[in-house]
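[1] mind folding the following:
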Amino acid sequence: MTGNSDSFCLEFTVRDYECDLQGVVNNANYQHYLEHARHEFLISKGISFFQLHEEGIDLIVTKVEIDYKYPLRSRDKFIVSVTIQREGNARLVFIQEIYRLPDEKLIVKARVTGVATRKGKPVPPGDLVFKLGLES
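    Residues are numbered from 1 along each chain as shown. Here you go, the predicted structure:
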């Protein structure tokens, strides 16, 4: 699949209401899949959005790039993979892919950029870098 043994993976099943009249997953739903997998990845690393917010830190998405390769259909099973890298002083980049199961056909490739903010201004990700294994 992704070729990266460090990837976090989460399995899903397409629900009927996520499909459009053409019988394929509506493009907007792929962002929901990607976001849910990112959240679960962060939780697996011990990072709580609620706790960060209580500490005055909010993680926000600043850019999403998605390459749609092939459509998913109702009841398809699929995996969303997540890897993360640091870019510059403040940005975190999530590299994500969606693969249909069981044939592992590549469905989507995505690059989602985010930053940590305090009172609306970008700040270095601080302790997140260590929790995510990104220290350099």
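[2] what comes into contact with the helix or strand where V115 lies?
    Counting by DSSP states H and E, the element that carries V115 is strand 105-118. Applying C-beta atoms under 8 Å, 6 or more residues apart in numbering, the set of residues contacting strand 105-118 from outside is 30, 34, 38, 52, 56-72, 78, 87, 90-100, 122-126, 128. Heads up, the C-betas are built off the backbone N, CA and C, glycines and all.
[3] and those, which of them are in strands?
    Secondary-structure check on these using DSSP state E: residues within strands are 58-68, 78, 87, 91-100, 122-123.
[4] which helix in this protein runs the most residues?
    helix 27-44 (DSSP state H).
[5] residue nearest the centroid of this structure?
    For the chain, the residue sitting closest to the mean C-alpha position, by C-alpha atoms, centre = their mean, is R38 at 3.5 Å.
[6] contact partners for the closest residue to it other than its chain neighbours?
    Counting by C-beta to C-beta, 6 or more residues apart in numbering, F94 is the residue found nearest to R38 once chain neighbours are left out, at 5.5 Å. Taking C-beta under 8 Å, 6+ apart, we find F94 in contact with 34, 38, 41, 82-84, 110-114.
[7] hmm, 7 Å instead?
    F94 makes contact with 38, 82, 84, 112 under the criterion C-beta atoms under 7 Å, 6 or more residues apart in numbering.
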